[in-house]
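Student: Pasted the sequence and its predicted model underneath.
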Amino acid sequence: MIRIYADYHTHTTYSDGKGSIEDNVRAAVSRGLKILAISDHGPQHLTYGIKRKKYAEMRGIIDEMNAKYPMIQTLLGLEANVMDADGRLDVDEGMLRMADVLLAGYHFGSLSGDLKGTSALHRLNFEGRLSRKAAERAKELNTKAMIKAMHNYDIKILTHPGAKGAIEIMPVAEAAIATHTALEINANRHGHLTFEDLLMLRNSACLFAINSDAHRPEMIGRFEPAIERALRAKIPCNRIINCLKSEEEAETAEGVKVPEKAGEV
Ligand SMILES: [Zn+2]
Ligand SMILES: [Zn+2]
């Protein structure tokens, strides 16, 4: 059985989600979750990234939530964008100091200061839809970018690996193992990691995280498609960082930096 007690990947109106932070907290409480992370899109995304200067405001609201809803631990996260082939993320020191947990993934439409590096990655991913040769080069570059990002930053979870830009799963998983990064089994409709990925990783030491990637409060804690893939691929609970192994464990997040009390990071 796989029972998930933490949803580390949820969006709010600070990026392209539909609910407020409090809406997400209430939804998570009603789903019986013990831990919720608000992980909106990184600021360099052209259309739906958070405003950098709003991050402190989010921190303040989350501290209030922890005081108001003590039955759940609410974390400030971020779904940072992997922006270029060097694995740079759109997160600065100030944000990292405020964050409780860092997630990262690749999305089209995120621009870094290094326009050449960024556009090479996006261009190849775009061209990859049209030509097989470009698709292969894109895959190679995406793989490199993910590996470098995991070595450059303390990323807890790599979101939907392979969903928005194809990757070689084995080298990404090796880097994930070396850097203690969990690969996400995302419950959203794009379906990554895929069942095939999971089959390939079943006998590796790779860790996973099952998340909803909810963009609406009512989708928080809806993990069914991801759980179904994990079960079908026979991924055991002890390889999934937010799978409930015992009741006590639900009280603390395994390996996640959790503030001693609200506001302390
Ligand atoms: Zn995403
Ligand atoms: Zn997301």
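Tutor: Yep, that arrived. Numbering: from 1, shown residues only. Ligands and ions are numbered 1, 2, ... in the order given.
Student: His9 is in what secondary structure piece?
Tutor: strand 6-10 (DSSP states H and E).
Student: Give me the mean pLDDT for that strand.
Tutor: Average pLDDT, strand 6-10: 98.
Student: which strands and helices sit next to it?
Tutor: On a contact count with 3 or more C-beta pairs under 8 Å, 6 or more residues apart in numbering; DSSP states H and E, strand 6-10 meets helix 21-30, strand 35-38, strand 208-211. For the C-beta atoms, the positions are set from N, CA and C on the backbone; glycine is no exception.
Student: How far does that strand sit from its chain's centre?
Tutor: 8 Å (C-alpha atoms, centre = their mean, to the nearest Å).
Student: same check, this time on stretch 196-214
Tutor: Centre to centre, stretch against its chain (C-alpha atoms, centre = their mean), the figure for stretch 196-214 is 13 Å.
Student: before we move on, what about stretch 204-224?
Tutor: 9 Å.
Student: Quick one: end-to-end length of that stretch, please.
Tutor: The straight-line separation of the ends of stretch 204-224 (C-alpha to C-alpha, to the nearest Å) is 24 Å.
Student: With stretch 122-134 instead?
Tutor: First-to-last residue span, stretch 122-134, C-alpha to C-alpha: 11 Å.
Student: quick one, helices of the protein?
Tutor: Counting by DSSP state H, one finds helices in the chain at the ranges 21-30, 55-68, 93-98, 115-127, 132-152, 169-179, 195-201, 224-232.
Student: most tightly surrounded among these?
Tutor: Ranked by mean neighbour count under mean count of other C-beta atoms under 10 Å, the helices of the chain are led by helix 21-30, which reaches a mean of 21.
Student: Can you tell me what sits against that one?
Tutor: 7, 10, 12, 14, 17, 19, 36, 38, 58, 61-62, 65, 69, 71-72, 74, 214, 217-218, 220-221 (C-beta atoms under 8 Å, 6 or more residues apart in numbering).
Student: ok, now stretch 135-144?
Tutor: 85, 87, 106, 120-121, 124-125, 127-129, 165-168, 171-172.
Student: who in the protein is up against ligand 2?
Tutor: Neighbours of ligand 2 within the chain, by C-beta under 5 Å from the ion: Glu79, Asp213.
Student: Check what pLDDT Glu127 gets.
Tutor: pLDDT, Glu127: 81.
Student: hmm, back to that, I'd like the helices of the chain laid out as CSV, including distance to ligand 1.
Tutor: Shown next, in CSV, are the helices of the chain (distance: least, C-beta to the ion, whole Å):
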stretch, distance to ligand 1
helix 21-30, 16
helix 55-68, 18
helix 93-98, 17
helix 115-127, 14
helix 132-152, 13
helix 169-179, 16
helix 195-201, 16
helix 224-232, 14
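Student: any idea which of these scores lowest on pLDDT?
Tutor: Across these, the lowest-scoring stretch is helix 115-127, with a mean of 73.
Student: Run through the stretch 151-265 of the chain and note the low-pLDDT ranges.
Tutor: For the stretch 151-265 of the chain, applying pLDDT under 70 flags the ranges 247-265.
Student: And the nearest residue to Gly221 once chain neighbours are set aside, how close does it get to Leu121?
Tutor: Closest residue to Gly221 apart from its sequence neighbours, by C-beta to C-beta, 6 or more residues apart in numbering: Arg31 at 3.2 Å. Per C-beta to C-beta, to the nearest Å, Arg31 is found 36 Å from Leu121.
Student: Contacts only, for whatever residue of the stretch 51-200 of the chain ends up closest to ligand 2.
Tutor: Closest approach between the stretch 51-200 of the chain and ligand 2, counting by C-beta to the ion: Glu79, at 4.7 Å. By C-beta under 8 Å, 6+ apart, the contact set of Glu79 is His9, His11, Ser39, Asp40, His41, Gly42, Leu103, Ala104, Gly105, Thr159.
Student: Near the fifth one, how many residues? Count them for me, please.
Tutor: Residue crowding around His41 was assessed by other C-beta atoms under 10 Å; the count is 24.
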